[in-house]
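**Q** Here is a sequence with its predicted model. Questions after.
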Amino acid sequence: MELYLRNCYKTVEAAAKKAAASNLNADKEHCGTSTKKNPFPEVGASHLLDLPLGVKLPVIPGSNSVFYTTNISEKLYQPSYGFNLTDPYCRLLETSYKSLHDPHLKTYYKRKDILRRLRKNGYITTNNKVICSLKELNKYRHYLSSLKVDFERNYIKEQESTRTTPVQERHLDTVAKEMDKIEHTAEKRSALRMKEEESRHRDHIRRKLHLRRQIEEEWKAKELSLLTKIGEEVKREARIEERRQKFREETNRKKFLRRQRKRITLRLTRKHTKHTKHTKHTKDTKDT
């Protein structure tokens, strides 16, 4: 497209030179030896929207230029600034469906085989731009230019509507001062509220710590009482065990003494019986 625009510029510049050749001498007489100025500004792809609305790009015989509008799967028509009534019959904004500009088919057109087929059939360029005719390009440029003009017009209206008079400025100053006062009071209130919340939080933490200390002291007292009870129980068990041990020793001693007495008595009885038997035997022998 850049090549086509350069060719358009060359043809227009040649026609301008031929048209201005007859008036060149007269212009030199009136203007003196002035520098040569270009009557037509250079046109590039970035200057298309700066052209007037009625201007159309001409057809150059013998040129093999390729024209394109947007990327594939990109919307052709953009939303306007507001409710636009400049094109009621949709001569610029066409309602016909164009699948190459459908954003919902983006994943489909990302496939390499589909892109290869579209390039082969001449629907898109090598950098995935949608090819169009010169008539469609002029129509689309006219639509974009009208959209740009509409945006600029609405922007100027907004800028004019935002301009304020001295009375409005004074009123705005008073409103700003009142708002500053309100903000200042609100900040003071928020600071007081924050201080109150901090004091409440501190009191709550103090109460919690006090309760925790009380609970810890109670637990310590309970633990000490339990330990004292356990110590008393241990001492009582030790005394009982000591008494039992003494009682066992006493019973064992008494049993031992009884056994000793029994043994002594048995020995004495045996000796007595033996002595009696011996005396009887001696008496019997004497009698005989």
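**A** All right, it came through fine.

**Q** How are the helices of the protein distributed by residue range?
**A** Here the chain has its helices, by DSSP state H, at 2-21, 24-31, 106-109, 112-121, 134-162, 166-287.

**Q** Looking at those, spot the one closest to residue 66.
**A** Nearest to residue 66 among the helices of the chain is helix 2-21; the distance by CB to CB comes to 8.2 Å. The way it works is simple: take the backbone N, C-alpha and C, and place the C-beta from them, glycine included.

**Q** Mean pLDDT per helix and strand in the chain: which one sits at the bottom?
**A** helix 24-31 (a mean of 46; mean pLDDT, DSSP states H and E).

**Q** Tell me which of the helices of the chain sits nearest to residue 56.
**A** helix 134-162 (4.5 Å).

**Q** Can you give me the buried ones in that closest one?
**A** By neighbour count on 16 or more other CB atoms under 10 Å, the buried set for helix 134-162 is 134, 136-147.

**Q** could you redo those as TSV and give each row pLDDT and distance to residue 170?
**A** Formatted as TSV, the buried residues of helix 134-162 follow (pLDDT from 0 to 100; distance: CB to CB, whole Å):
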residue	pLDDT	distance to residue 170
134	84	58
136	86	56
137	84	54
138	84	53
139	85	51
140	85	50
141	83	48
142	82	47
143	82	45
144	83	44
145	81	42
146	81	41
147	81	39
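
**Q** give me the low-pLDDT residue ranges for the stretch 1-150 of the chain?
**A** Where the stretch 1-150 of the chain drops to pLDDT under 70, the residues are 1-54, 81-84, 87-88, 91.

**Q** again, only this time at 50
**A** The stretch 1-150 of the chain contains residues with pLDDT under 50 at 3-5, 11-12, 15-16, 18-20, 22-24, 26-43.

**Q** Now do the domain split for the chain, please.
**A** Following automatic domain parsing, one gets these domains for the chain: 1-65, 66-163.

**Q** circling back to that earlier point, show me the one of the helices of the chain that comes nearest residue 68.
**A** Nearest to residue 68, of all these, is helix 134-162, at 8.1 Å by CB to CB.

**Q** residues in contact with stretch 94-104?
**A** Here stretch 94-104 makes contact (CB atoms under 8 Å, 6 or more residues apart in numbering) with 70, 72, 73, 74, 75, 76, 105, 109, 118, 123, 124, 130.

**Q** Can you select the buried ones from these in ChimeraX?
**A** For the buried members of those, the matching ChimeraX selection, counting by 16+ other CB under 10 Å, is:
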select :70,72,73,76,109,118,124,130
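
**Q** any chance of the helices of the chain in a markdown table, with distance to residue 99 too?
**A** Below are the helices of the chain laid out as a markdown table (distance: least, CB to CB, whole Å):
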| stretch | distance to residue 99 |
| --- | --- |
| helix 2-21 | 26 |
| helix 24-31 | 54 |
| helix 106-109 | 9 |
| helix 112-121 | 11 |
| helix 134-162 | 15 |
| helix 166-287 | 53 |
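
**Q** And those helices: which comes nearest residue 62?
**A** Checked against CB to CB, the stretch from the helices of the chain lying closest is helix 2-21, at 9.4 Å.

**Q** between the contacts of stretch 94-104, which is nearest residue 189?
**A** residue 75 (50.7 Å).
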